[in-house]
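In: The amino acid sequence is not available; the structure is as follows:
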């Protein structure tokens, strides 16, 4: 089954810096989603990008999608300590709401 | 607006015991998902329901696992008998469907001794 895979696995940055994470997948998709998970909590949806979209913004988040390379990136600008979390990409292959999640990307923002 | 509610938050029990995890989805959501998260395997989809009907249970690891959704506001995931390798965090999520995001509960941390 299709599964997103994030790269790099762990990232440590200073507050105020930008953080970039990448995700690759294997087959065609209907949409790709990014989620954040704080320690001991459930996943929280950040942004959804459809297969016919190339870029999407939400506040300090910027997501790109390259379907020819089967990859996506999540950029967090001007990071804050509160952005410390794990970030997951998830793909919906058929538009049936069934998501395949990657292993996650641990981001630590140092104040 | 209440989110997805899971209970219990933590469960510690001995192997061989029956474990029942509970989930209340967001009202009006047509889809409900059960996931399992471990360090080794990440987040795995176990089963999902649409309008209370199981659609895909291919992720259920074995017959010891079963899930039900008797009505639109309640679902259970049962493990009987439980084994130490079942130790994980189990999440429930719900969504309206139609490219809408999934909303997750805070999970049940299950430890089987």
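Out: Done, it's in. Note that the structure is predicted; figures quoted are calculated from it, not measured. Numbering: from 1, shown residues only, chains lettered A, B, ... in the order given.
In: can I assume residue A:41 is in contact with residue B:105?
Out: No - contact status for residue A:41 versus residue B:105: not in contact, 9.4 Å apart, counting by Cβ atoms under 8 Å. C-beta: built from backbone N, CA, C; applies to glycine.
In: Looking only at neighbour counts, state which of those two leads.
Out: When neighbours are counted by other Cβ atoms under 10 Å in any protein chain shown, residue B:105 comes out ahead of the other of residue A:41 and residue B:105, with 25 against 13.
In: Could you check the pLDDT of the more buried one?
Out: Per-residue pLDDT puts residue B:105 at 97.
In: And residue B:99, by the same measure?
Out: 83.
In: what's the burial count for residue 71?
Out: Chain wasn't specified; assuming chain A. Applying other Cβ under 10 Å, I find that residue A:71 has 18 neighbouring residues.
In: nope, chain B please
Out: Burial of residue B:71 is recorded as 8 neighbouring residues (other Cβ under 10 Å).
In: Okay, helices next: where are they in chain A?
Out: Counting by DSSP state H, no segments of chain A form helices.
In: who in it is up against chain B?
Out: A:30-31, A:33, A:35, A:40-45, A:48, A:50, A:88, A:92, A:95, A:97-104 (Cβ under 8 Å from any Cβ of the partner chain).
In: Just the buried residues of the residues you listed.
Out: When the residues of chain A next to chain B are checked for burial by 16 or more other Cβ atoms under 10 Å in any protein chain shown, the buried set is A:31, A:33, A:35, A:42-43, A:45, A:48, A:88, A:92, A:97-104.
In: Now go through the residues of chain A next to chain B and say which are in strands.
Out: Counting by DSSP state E, the residues of chain A next to chain B place A:31, A:33, A:35, A:43-45, A:48, A:50, A:88, A:92, A:99-101 in strands.
In: Rebuild the residues you listed as CSV, extending it with distance to residue B:101 and pLDDT.
Out: Output for these, formatted as CSV (distance: Cβ to Cβ, whole Å; pLDDT from 0 to 100):
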residue, distance to residue B:101, pLDDT
A:31, 10, 94
A:33, 6, 96
A:35, 8, 97
A:43, 10, 97
A:44, 9, 97
A:45, 3, 97
A:48, 6, 95
A:50, 13, 95
A:88, 12, 94
A:92, 10, 92
A:99, 10, 92
A:100, 15, 91
A:101, 13, 92
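In: how about the residues of chain B near chain A?
Out: B:4, B:31, B:33, B:35, B:42-43, B:45, B:48, B:56, B:91, B:93, B:95, B:97-107.
In: Among those residues, which lie within strands?
Out: Going by DSSP E, the strands hold B:31, B:33, B:35, B:42-43, B:45, B:48, B:56, B:91, B:93, B:95, B:103-104 from those.
In: What subset of the residues you listed is buried?
Out: By 16+ other Cβ under 10 Å, these give B:31, B:33, B:35, B:42, B:43, B:45, B:48, B:91, B:93, B:95, B:103, B:104 as buried.
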